[in-house]
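Peer 1: prediction below, plus the sequence it came from.
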Amino acid sequence: MRDAHHDLRTVTLHNGVRMPTLAFGTAFGDWVGATAFQGFLPEQAWRAVDLALDNGYRAFDCAHAYGTERMVGTLLGQRFASGALTREAVFITTKLAHPAAPPHLNVSHKRTWDADRVEDIAQRVRDDMVDSLDDLGLGYVDLLLVHWPGSFSAPPGGDPEVSRRARATIWRAFCALADKGAARAIGVSNFTIDHLRQLITDVPEPAYRPAVNQVEIHPYCRDPELEAFCRAQGIVVTAYAPFASGAFELLRDPVLVAIAGRHGKSPGQVVLRWHLQRGRTALPKTSRAERMVENQAIHDFVLDAEEIRAIDALGAGVARRTCPDPYTIV
């Protein structure tokens, strides 16, 4: 657990890059609502990202698959052009190598792919990186992540060695991009301990160890063993879906409501404070300006050890996920 009395606004990655602990998520669409699961709706990013910039966000979590890099790049570019913002003042994360999406999702086949269907994996990574930087209008990103460790559709007993070799090939391509200055830091997303162990074995150079592992974590979905492994390896854990994307009525949980009442805060603020005190970074996403302000106002109170334990206990059972389970990926 990070010292709650120290400033929790940034964390230093193992290569010395300083990363904000809160970044604005840019995966827009209907994930867990009452309507049919649809997927990405990038048009929602225009207003939300503009509001986020207006309300002080300077870190943005993007991905090639989200279809929102052009919106983020255009909105940043307007502020660069006016002189209101400089490139150095923002921290931009993007992700490549998203596996082929299920056919019922409205995600372009040009943005997602399975490694066993690609003739030249490293070239595909390089090509996608060019497209992402072009859409963002940037010469580099601050953090580049492998979006998923492998295919969603690999049959049970799919070839683990093929998947392992593909991960190493993708990672070597990421290392080369970092060496060229296209990314200041590189990491992974949705990797389990086994995925990480294999990658560290296959690409053992300390400088190329992943700096970040971005995974689904919220009070109903925890993986203490994975977090402990990452800490031991110097890998920062980032929580996506930090509020469970609005699912499971998480923010109405009586434990969170009671803790929030004691501090005069909202349950959402309590959850974000829990993430930061637990040593994670987090990616809150909202389209409402008042919630954007609220999500950043978490540095004027501290959760005590008993409150941290009470929140931890909410996820003691089977993890409730809003995204695919990475443990099903070979």
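Peer 2: Good, I have the coordinates. Numbers count the residues shown, from 1 in each chain.

Peer 1: beta partners of M19?
Peer 2: V11 (DSSP bridges).

Peer 1: show me where the stretch 201-330 of the chain has helices.
Peer 2: Ranges of helices within the stretch 201-330 of the chain are 224-232, 254-263, 267-277, 289-296, 305-313, based on DSSP state H, counting those that start in this stretch.

Peer 1: buried stuff in the last one?
Peer 2: Just to be clear, that refers to helix 305-313. Neighbour counts over helix 305-313 (16 or more other Cβ atoms under 10 Å) mark E307, I308, A310, I311 as buried. In this view, the C-beta of every residue, glycine as well, is placed from N, C-alpha and C.

Peer 1: can you check the fourth one too?
Peer 2: By neighbour count on 16+ other Cβ under 10 Å, the buried set for helix 289-296 is R291, M292, E294, N295, Q296.

Peer 1: kindly export the helix or strand where A45 lies (C-alpha atoms) in CSV.
Peer 2: Using DSSP states H and E, A45 sits in helix 45-54. Taking Å, rounded to 0.1, in the frame of the first residue of the first chain, the C-alpha atoms of helix 45-54 are listed here in CSV:
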residue,chain,number,x,y,z
ALA,A,45,-15.8,11.3,-27.2
TRP,A,46,-16.1,14.7,-28.8
ARG,A,47,-18.0,16.3,-26.0
ALA,A,48,-16.6,14.2,-23.2
VAL,A,49,-12.9,14.6,-24.0
ASP,A,50,-13.5,18.4,-24.5
LEU,A,51,-15.1,18.6,-21.1
ALA,A,52,-12.4,16.6,-19.5
LEU,A,53,-9.8,19.0,-20.9
ASP,A,54,-11.8,21.9,-19.6
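
Peer 1: report the angle between that helix and helix 289-296.
Peer 2: Taking axes from the mean of the first three to the mean of the last three Cα atoms, to 10 degrees, one finds helix 45-54 and helix 289-296 inclined to each other by 50 degrees.

Peer 1: next secondary structure after helix 45-54?
Peer 2: The helix or strand immediately downstream of helix 45-54 is strand 59-61, counting by DSSP H and E.

Peer 1: which strands and helices sit next to that following strand?
Peer 2: strand 24-25, strand 91-96 (3 or more Cβ pairs under 8 Å, 6 or more residues apart in numbering; DSSP states H and E).

Peer 1: relative to A65, which of those is closest?
Peer 2: strand 91-96 (7.3 Å; Cβ to Cβ).

Peer 1: so what touches the closest one?
Peer 2: By Cβ atoms under 8 Å, 6 or more residues apart in numbering, the surrounding residues in contact with strand 91-96 are 19-20, 23, 58-65, 69, 72, 76, 125, 128-129, 132, 136, 138, 141-147, 170, 174, 189, 214.

Peer 1: mind checking the helices of the stretch 201-330 of the chain for the one nearest to D54?
Peer 2: Of the helices of the stretch 201-330 of the chain, nearest to D54 by Cβ to Cβ is helix 289-296, at 7.4 Å.

Peer 1: hey, C-alpha coordinates of that closest one in CSV?
Peer 2: Extracted in CSV, the C-alpha atoms of helix 289-296 (Å, rounded to 0.1, in the frame of the first residue of the first chain):
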residue,chain,number,x,y,z
ALA,A,289,-18.6,17.7,-16.0
GLU,A,290,-19.6,17.6,-12.3
ARG,A,291,-18.5,14.0,-12.1
MET,A,292,-15.2,14.8,-13.8
VAL,A,293,-14.5,17.4,-11.1
GLU,A,294,-15.6,15.1,-8.3
ASN,A,295,-13.4,12.2,-9.5
GLN,A,296,-10.3,14.4,-9.2
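
Peer 1: any regions of this structure where pLDDT drops low?
Peer 2: Within the chain, the segments meeting pLDDT under 70 span 1-6, 30-38, 103-104, 154-157.

Peer 1: which helix in it has the most residues?
Peer 2: In the chain, ranked by residue count with DSSP state H as the criterion, the top helix is helix 160-179.

Peer 1: from G279, how far out is the spatially most distant residue from the centre of the chain?
Peer 2: What lies farthest from the middle of the chain is R262; by Cα atoms, centre = their mean that is 29.9 Å. From R262 across to G279, the span is 23 Å (Cβ to Cβ, to the nearest Å).

Peer 1: can you pull the contacts of R231?
Peer 2: V237, G279.

Peer 1: give me the three-state assignment for R197.
Peer 2: helix (DSSP: H, G, I helix; E, B strand; the rest coil).

Peer 1: burial count for it?
Peer 2: 13 (other Cβ atoms under 10 Å).

Peer 1: got the contact list for L256?
Peer 2: Per Cβ under 8 Å, 6+ apart, neighbours of L256: P219, L250, P267, V270, V271, I311, L314.
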